[in-house]
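> Structure for the following, please:
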Amino acid sequence: MYERNYNLLRAKFSEFFLPTIFTSMAGNICLFVDGLIVSFLIGASNLAPIQIVAPVITFVNLIYWMIGLGGSVLCSVAKAEFDEEGSNSYFSVSIISLLSIGILIAIFGLLFSGSIAQFLCASQQSLIPEVTQYFSALIIGMPFLCYMMSLSYFIRADGIPTLPFRAILVANIVNICCDFIYIHFFNIGLSGAALATTTGYIVGSILISYYFFKKERTLEFVLLKLNAFLSYIKQIAKSGFSSSSTQLYLTLKLFIINILLGYVIGDSGLVAFSICYNSLFILYIFLIGTAQTMSPIVSVYFKEEDYSGVDYVIKRSLKIVLAASLALALLFIIAPQTLLYLYSVKNPAHVPVVLNALRIFAISYVGTAITFLYTFYAQAIQENKLSTIISLLEGFLLPISLALILSYPLRGNGIWISFALAELITILFIFAYSRYINKKSDGVFSGFFINKHNDEEHVFEHTIKGEIKEAVNLAQDVQNYLSGNKSAALVGLAIEEMLVNIININDDVDAIDVIVRDNEENILISVKDTGIDFNPVIENDNLEFDNISVLNKIAHKIDYSRVLGLNSTVITIKNE
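Sure, this is the predicted structure:
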């Protein structure tokens, strides 16, 4: 008797997680260090104009998250549905659109840099020259940022997760090195910090383009008519907006909080908020790395109705983000002086404000981890409305309304407290909503993550090692499961032929997942393995074994796709 042990899914999660977490680490740690270097070289007071420009970066993040991440999720779903044309179309439309938008943003930003800086400095007019200086140099890099980050989503979805990590890591190392060169040696101040970031984006874009020369890539550019192009971009934007809306609300939130802090506290408040915001870069290493690992896997397994697989991935992801957020929260609550020292904050007017802000702000970390992960999860299972509502509540409505209300009686403390309260209220909303859906569905959905369950009476999940004996035994066990069904013998034979072929054409296969679904009209056999690419539908003259020819004769239909770096084969046997 074989049971599913999730070894294959655990290995695939780890394969995606490590490069993705390193990619996130490369980006977020370097952003964190970038702020440290700037404050060390030209003083912590220069964090204020950088913080004022932060909404511009989050707005660009919104664009490439919505189109890049949204397109990559739909691309993964198309692959799960064995739609190669669709996956290539999502890829082509996303990359071309983002390049075009990035170029337009850069041109518009350069033409109207003065007006944009004046708008951003609504409560701190004295900072307009510094903001204009920093913004003008930074906006040049936006086309390269859009291209590099959006392509990285598709490369990971195509089962090549290490390339984005390397490209983004090098981009950020170049950024840090150029900070010293431009600021210290060329002495060009804030412009140097922005130009260093732009230089990093350019180098990263060049390196990540190596994807187009890799023989294992499966995504290709295709030509589409204008109507088809617009139709795809609409689908992509709809899919990606729910998770990317966090960046829209973050853009608005940063802009409003910056103005509010300017009025309530002044420059000290902006410096404190900049350090609090930068501290999130450390947390987002784990949040973004985990969420972007989980998202394509959950989207594929949910589409295939493998709810046990979805449950395994989301629980593993939740444990990671909770552990990371709790550890960081305790660190900055107990020892906020760590960041004070790292950011070279020495101004007596800034020190007490920053220490107080860090201690209160860190309380929100755990809530941020839960709501952030849930937003990506809801998008992956195509619950885009729920994802959008969570983003709207947590990212904008609650923190802004609470900050405005609490800042009057509590001044600065009210603003810092509003972030933690916003997370708590959002989690309570998710809990109430999940209870409502679970009750309304009469048990079809269950749990905080409103997932379904596989029907144990009609769905059989199995994992075997890559050994002939185990393949033969499993085929016999499945046939026994289906005893009384006239198609039981054919199902057993189909499983044996498929598994034996996988084992024979690979030197080593650690785990093969087999899921059998007994529907009313047919029996579906889903097989996933990590072996070499092999499509059983296409005849292979070099194949030494005749198992696949037998399989094609007894199967009503065979669907194949290479998705997430796995061979995914679905065999349909008609119920007699």
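> How many neighbouring residues does residue 221 have?
13 (other CB atoms under 10 Å). (C-beta placed from N, C-alpha, C; glycine too.)
> go on, residue 315?
12.
> What's the first helix or strand after the strand or helix carrying it?
Element membership for residue 315, per DSSP states H and E: helix 307-334. Per DSSP H and E, helix 307-334 leads on to helix 337-342 as the next helix or strand towards the C-terminus.
> got the buried residues for that next one?
For helix 337-342, burial by neighbour count (16 or more other CB atoms under 10 Å) applies to 339-340, 342.
> for the helix or strand following that helix, the distance to its chain's centre please.
Moving toward the C-terminus from helix 337-342, the next helix or strand (DSSP H and E) is helix 351-361. Distance of helix 351-361 from the chain centroid (CA atoms, centre = their mean, to the nearest Å) equals 30 Å.
> Packing partners of helix 351-361?
Here helix 351-361 touches helix 267-303, helix 307-334, helix 337-342, helix 412-440, going by 3 or more CB pairs under 8 Å, 6 or more residues apart in numbering; DSSP states H and E.
> any idea which of those helices is most buried?
Highest mean neighbour count among those (mean count of other CB atoms under 10 Å): helix 267-303, with a mean of 24.
> what angle separates it from helix 307-334?
Going by axes from the mean of the first three to the mean of the last three CA atoms, to 10 degrees, helix 267-303 is angled at 170 degrees with respect to helix 307-334.
> Residue 226 - how many residues pack around it?
With other CB under 10 Å as criterion, residue 226 counts 7.
> roughly how far apart are it and residue 220?
Separation of residue 226 from residue 220 (CB to CB, to the nearest Å): 20 Å.
> so residue 241 touches residue 384, yeah?
Yes - look at residue 241 against residue 384 with CB atoms under 8 Å: they come within range, at 7.2 Å.
> now the strands: where do they sit in the stretch 451-576 of the chain?
Assigned by DSSP state E, counting those that start in this stretch, the strands in the stretch 451-576 of the chain fall at 459-464, 512-518, 522-529, 557-563, 566-574.
> and of those, who's closest to residue 198?
Nearest of these to residue 198, taken as CB to CB: strand 557-563 at 35.4 Å.
> thinking again about what came up before, from the buried residues of helix 337-342, which is closest to residue 115?
For those, the closest approach to residue 115 (CB to CB) belongs to residue 339, at 34.0 Å.
> how much space between the spatially closest residue to the closest one that is not a sequence neighbour and residue 39?
In this structure, residue 339 finds its nearest non-sequential neighbour in residue 275, 5.6 Å apart by CB to CB, 6 or more residues apart in numbering. Going from residue 275 to residue 39 by CB to CB gives 9 Å.
> what do those two both touch?
Any residue near both residue 275 and residue 39 by CB atoms under 8 Å, 6 or more residues apart in numbering counts here, and that gives 47, 343, 345.
> Dump these into TSV; add pLDDT as well.
TSV is the format used below for the shared contacts of residue 275 and residue 39 (pLDDT from 0 to 100):
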residue	pLDDT
47	71
343	77
345	78
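> Which members of these are classed as buried?
Here, 16+ other CB under 10 Å leaves 47, 343, 345 buried among the shared contacts of residue 275 and residue 39.
> Closest one to residue 260 out of those residues, please.
residue 47 (17.4 Å).
> Might one say that the closest one is in contact with residue 37?
No - shown here, residue 47 and residue 37 do not form a contact pair, counting by CB under 8 Å, at 11.4 Å.
> How about the contacts made by the residue nearest the centre of the chain?
Closest residue to the average C-alpha location of the chain: residue 292 at 2.5 Å, with CA atoms, centre = their mean. For residue 292, the contacting residues are 20, 24, 69, 153, 156, 376, by CB under 8 Å, 6+ apart.
> pLDDT below threshold where in the stretch 301-450 of the chain?
Nowhere does the stretch 301-450 of the chain drop to pLDDT under 70.
> Surely residue 86 touches residue 76?
No - using CB under 8 Å, residue 86 is not in contact with residue 76; the gap is 10.9 Å.
> more crowded one of those two?
Taking other CB under 10 Å, residue 86 and residue 76 do not tie; residue 76 has more neighbours (27 against 18).
> which residues are contacting the host helix or strand of the more buried one?
Taking DSSP H and E as the definition, residue 76 sits inside helix 70-80. Helix 70-80 is touched from outside by 84, 86-87, 90-91, 93-94, 150, 153-154, 156-157, 219, 235-241, 243-244, 295-296, 299-300, 303-304, 379-380, 561-564, 568, with contacts defined as CB under 8 Å, 6+ apart.
> swap the cut-off to 6 Å and go again
Here helix 70-80 makes contact (CB atoms under 6 Å, 6 or more residues apart in numbering) with 86-87, 90-91, 94, 153-154, 157, 236, 239-240, 296, 299-300, 303-304, 561, 563.
> Could you do stretch 461-468 as well?
Contacts for stretch 461-468 (CB under 6 Å, 6+ apart): 2, 4-5, 470, 474, 503, 509, 511-515.
> Who are the contact partners of residue 518?
Contacts of residue 518 by CB under 6 Å, 6+ apart are residue 458.
> Tell me, what's the model's pLDDT at it?
What the model reports as pLDDT for residue 518 is 79.
> swap in the one 5 residues further on?
According to the predicted model, the pLDDT of residue 523 comes to 84.
> wouldn't it be in contact with residue 571 here?
No - contact criterion CB atoms under 6 Å: residue 523 and residue 571 do not qualify, at 8.7 Å.
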